[in-house]
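Participant: Sharing a model that was predicted from the sequence below.
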Amino acid sequence: MTRVVDPPIKSSSNAIAIAIIAGLFFIFGFVTWINGALIPFMKTINELTDAQSYLVASASYISFVVMALPASYIINKVGYKKGMSLGLFVMAVGALIFIPAAEARTYWVFLTGIFIQGLGMTLLQTASNPYITILGPIESAAKRIAIMGIANKVAGALGSLIFGAILLSGIDGVKAQLETVSIAEKDQLLNTMADSVVTPYIVMALVLFVLGFLIRKAPLPNLEEPAEAETDLTKSAKTSVFQFPHLWLGVITLFFYVG
């Protein structure tokens, strides 16, 4: 669709907006990758099988599938800026669910928190990915996306290191103890270990809530797509996504990359 920017974006404003979106890519890269540290952690505290423990990662991917189409509908209704803000709020709610999950040491409550965070990340990514491509000249869109990818992967590596150090420190020693202690002592050890997620996720929730409010006030240009504008796509004879090879080849590539 024809995109209208009003008023015209100055280069300095553009740079600030790009930096803000890079921060968002950093955030969902960080949150996505920490699920890797949660797999062995939850396997221990909830005494899970291997199959159950890998649902920790799957819960997030399932939410991506569930939320994909609703996210696009929401973005069409509220716009990119409000969509990104809403995504951060939903992620914060998911982080807060880790508190009762840790207190109860209940597997499905942890999965619910991860699933809700995934819903928020889907909404955030649905808004931020197209937004960064149209936030400036189309000729440099690929460059901007590449920079966002770097921010995402750096955050992911940091997230794995930080949460791995917080959640997995001494886990081998705890496992060894669990084999020799009584049932009451075992529960105490597991409860203490589960409580270690509370502080990090409270901090995460606070940061996400604050960022959600700040995004609403941030100097991000409103990029609108008028519904009445006639597009090149509607003028063309193409009627299926399979008629756009760069799109479906990209989807196949991403499928094998993640799988």
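Facilitator: Sure, I can see it.
Participant: ranges for the helices of the protein?
Facilitator: Ranges of helices within the chain are 11-33, 35-45, 50-78, 80-96, 98-104, 107-134, 141-168, 171-178, 183-194, 198-217, 232-235, 245-258, based on DSSP state H.
Participant: Take the ones you listed and write them to a markdown table, including mean pLDDT and mean neighbour count.
Facilitator: C-beta: built from backbone N, CA, C; applies to glycine. Formatted as a markdown table, the helices of the chain follow (pLDDT from 0 to 100; neighbours: other C-beta atoms under 10 Å):
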| stretch | mean pLDDT | mean neighbour count |
| --- | --- | --- |
| helix 11-33 | 82 | 18 |
| helix 35-45 | 85 | 21 |
| helix 50-78 | 88 | 15 |
| helix 80-96 | 94 | 23 |
| helix 98-104 | 91 | 18 |
| helix 107-134 | 92 | 22 |
| helix 141-168 | 87 | 16 |
| helix 171-178 | 80 | 13 |
| helix 183-194 | 86 | 14 |
| helix 198-217 | 92 | 16 |
| helix 232-235 | 50 | 9 |
| helix 245-258 | 85 | 9 |
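Participant: can you tell me how far residue 188 sits from residue 197?
Facilitator: Applying C-beta to C-beta, to the nearest Å, the value for residue 188 to residue 197 is 17 Å.
Participant: try residue 135
Facilitator: Taken as C-beta to C-beta, the span from residue 135 to residue 197 is 35 Å.
Participant: Check residue 179 too.
Facilitator: Residue 179 is 23 Å from residue 197, by C-beta to C-beta.
Participant: between these two, which one's more packed in?
Facilitator: Neighbour totals were compared for residue 179 and residue 197, and residue 197 leads with 24 against 7 (other C-beta atoms under 10 Å).
Participant: how about that one, what does it touch?
Facilitator: Contacts for residue 197 (C-beta atoms under 8 Å, 6 or more residues apart in numbering) come out as 41, 98, 101-102, 167.
Participant: mind listing what residue 32 touches?
Facilitator: The contact partners of residue 32, by C-beta under 8 Å, 6+ apart, come to 60, 121, 156, 159.
Participant: Relative to residue 15, how far out is the second one?
Facilitator: Distance of residue 121 to residue 15, given as C-beta to C-beta: 25 Å.
Participant: got it, and residue 68?
Facilitator: Counting by C-beta to C-beta, the gap from residue 68 to residue 15 is 31 Å.
Participant: cool, and residue 221?
Facilitator: For residue 221, the distance to residue 15 - C-beta to C-beta - is 12 Å.
Participant: ditto for residue 144
Facilitator: As judged by C-beta to C-beta, residue 144 and residue 15 stand 11 Å apart.
Participant: How about residue 211?
Facilitator: Counting by C-beta to C-beta, the gap from residue 211 to residue 15 is 19 Å.
Participant: Residue 175 - nearest residue in space that isn't next to it in sequence?
Facilitator: Counting by C-beta to C-beta, 6 or more residues apart in numbering, residue 44 is the residue found nearest to residue 175 once chain neighbours are left out, at 6.3 Å.
Participant: Report the contact partners of that neighbour.
Facilitator: So residue 44 contacts 171, 174-175, 178, 190, 193 (C-beta under 8 Å, 6+ apart).
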